[in-house]
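Colleague: Build the 3D model from these lines:
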Amino acid sequence: MTAAGSDSRAPSRTELRTLALAALGGALEFYDFIIFVFFAGTIGQLFFPADTPDWLRQAQTFGLFAAGYFARPLGGVLMAHFGDRDGRKRMFMLSVLLMALPTLAIGLLPTYATLGYAAPLALLVLRILQGAAVGGEVPGAWTFVSEHVPERRIGFACGTLTAGLTAGILLGSLVAAAVNRNLAPADVLAFGWRIAFLLGGVFGLCAVFLRRMLAETPVFEELRRRRELVQGVPLRAVLAGHGGAVAYSMLLTWLLTAAIVVVILLTPTLLQTLFKIPAATALGANSIATLSLTIGCIAFGAFADRIGATRALAIGCVALFCAVLALYAGVAHDPQQLVVLYAIAGFCVGVVGVIPTLLVQAFPPAIRYSGISFAYNVAYAVFGGLTPQFVSALVRHSPMAPAYYVAALCAVGVVTVPFARRLSARGASVAAIA
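Modeller: Model (predicted):
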């Protein structure tokens, strides 16, 4: 079941507006979720006792950040339940509102000096709410845009939406850099960090307004007209009849987390510790790589529409396999190559823009939101949460370990392509209009 009976027509103005607004909203929401990590050091100083050892303060602060990840499955499953039962648009708006309000509240939250231990506890609750919001946002956004376009443009739609999410990471890094560049360290500690969160809250409320302009997906409206909406609990139907799709979607999510977490989020720190790259140089190269990733998501999504999602995944995995090995080996040999190699690797990470297309194709429309949400959020909570610790343990044995980890999952992605084709064919047959 697709958004239109004909796949040959040019994109309509409504479809283009839907993609633009969905991608913009996703960028603003991901900014809200990720901005915490860019001010983790400042937050640690303000929300925990001054006599806390540095290592413990850092662990506690990143524990608060990780709480958002572990809350993703619960929020995702709950929003997906109502998204499959009552409509995609309602949950699409709720997710961004549920992100904006806690972000705004964090910007206004009194610190330990005022509230004592109630301050970090309140921050924990707000991070859990943010995690629940992003757990519903990402699968809901992929479902929403894929059901608004013809089948032959699902790759471009999902790639564009994923590019919007990665642009939120880039926006967060740019805002954090601007705050730290224009304010003295004492001013950042006093009030500057709040600017980033308050700005994020305003961004989120703007996104809520923009999403009011969107229409319910044609696919969901057709399901409602035909009275084919799932009865009972959608997740129960997912687990009962689509275990293979869930398992494969989790595997794809593992690949996605390896690419994003290792290559984009961890590599700047690893470059500093393993190869003695200055922090400013590593972070500058990372901004270029993230921009390349945003472009790569759109390019790989369009590529998937042209040659098929499974072929695009296989080619992208091979490219990322080579690029990440070249990045770490090249920087170890000649640090002057960092910017070029990191930009190429960032572009190849754009293969993650193909993954949501495969997830969408793996589940029939009636339970699509719940299927994607459960598989993606559970896998992301596990692998996204454990990958930093696992990679940190591996680098003690080899500075190439992060590259080997990503390369191994790229190889798994290529090997499992035939299974993806069978799932895609099954999803298409179930989703077809009779």
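Colleague: Count the residues that sit near R224.
Modeller: Around R224 there are 13 other residues, counting by other CB atoms under 10 Å. For glycine as for every other residue, the C-beta is placed from the backbone atoms N, C-alpha and C.
Colleague: same question, the one 4 residues further on
Modeller: Using other CB under 10 Å, E228 has 13 neighbouring residues.
Colleague: With the one 4 residues further on instead?
Modeller: Applying other CB under 10 Å, we find 8 residues neighbouring G232.
Colleague: for it, what are its contacts?
Modeller: By CB atoms under 8 Å, 6 or more residues apart in numbering, the contact set of G232 is empty.
Colleague: element containing it?
Modeller: For G232, there is no host helix or strand (DSSP states H and E).
Colleague: swap in the one 4 residues further on?
Modeller: Element membership of R236, judged by DSSP H and E, is helix 234-241.
Colleague: What are the buried residues along that helix?
Modeller: 234-235, 237-238 (16 or more other CB atoms under 10 Å).
Colleague: by how many degrees do the following helix or strand past it and helix 234-241 diverge?
Modeller: The helix or strand immediately downstream of helix 234-241 is helix 243-257, counting by DSSP H and E. Orientation check (axes from the mean of the first three to the mean of the last three CA atoms, to 10 degrees): helix 243-257 against helix 234-241 gives 110 degrees.
Colleague: ok, back up a step: reformat the buried residues of helix 234-241 as JSON lines; add distance to Q336 and pLDDT.
Modeller: Shown next, in JSON lines, are the buried residues of helix 234-241 (distance: CB to CB, whole Å; pLDDT from 0 to 100):
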{"residue": "P234", "distance to Q336": "53", "pLDDT": "92"}
{"residue": "L235", "distance to Q336": "51", "pLDDT": "92"}
{"residue": "A237", "distance to Q336": "55", "pLDDT": "91"}
{"residue": "V238", "distance to Q336": "50", "pLDDT": "93"}
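Colleague: Between which two of the residues you listed is the distance greatest?
Modeller: Using CB to CB, these span at most 7.3 Å, a distance reached by L235 and A237.
Colleague: Residues that sit against both of these two, list them.
Modeller: When contacts are counted by CB under 8 Å, 6+ apart, the set common to L235 and A237 consists of S370.
Colleague: still on that earlier bit, who touches the helix holding R236?
Modeller: So helix 234-241 is contacted by 77, 80-81, 84-85, 230, 245-246, 363, 366-367, 369-371, 374 (CB under 8 Å, 6+ apart).
Colleague: Among the residues you listed, find the lowest-pLDDT one for me.
Modeller: Across these, the smallest pLDDT goes to V230, namely 85.
Colleague: how many other residues sit next to the residue nearest to that residue when sequence neighbours are not counted?
Modeller: In space, and not counting its chain neighbours, V230 is closest to A366: 4.6 Å by CB to CB, 6 or more residues apart in numbering. Look at A366: counted by other CB under 10 Å, it has 22 neighbours.
Colleague: Was I right to think A366 contacts G83?
Modeller: No - using CB atoms under 8 Å, A366 is not in contact with G83, being 11.3 Å away.
Colleague: Domain map for this structure?
Modeller: 11-229, 240-434 (automatic domain parsing).
Colleague: Under a three-state scheme, what state does T52 occupy?
Modeller: Following DSSP: H, G, I helix; E, B strand; the rest coil, the label given to T52 is coil.
Colleague: let me redo that: E216
Modeller: Quick answer, by three-state DSSP: E216 is coil.
Colleague: OK, contacts around it?
Modeller: Applying CB under 8 Å, 6+ apart, the residues contacting E216 are 87-89.
Colleague: for the stretch 1-150 of the chain, what spans make up the helices?
Modeller: 13-38, 40-47, 54-70, 72-86, 88-108, 112-115, 118-146 (DSSP state H, counting those that start in this stretch).
Colleague: CA atoms of the second one as CSV?
Modeller: Once side chains and other backbone atoms are set aside, the C-alpha atoms of helix 40-47 remain, and they are given as CSV (Å, rounded to 0.1, in the frame of the first residue of the first chain):
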residue,chain,number,x,y,z
ALA,A,40,28.0,17.7,29.7
GLY,A,41,31.0,19.2,31.5
THR,A,42,29.2,22.3,32.5
ILE,A,43,26.1,20.4,33.6
GLY,A,44,28.3,18.1,35.7
GLN,A,45,29.7,21.1,37.5
LEU,A,46,26.3,22.7,38.2
PHE,A,47,24.1,19.7,39.1
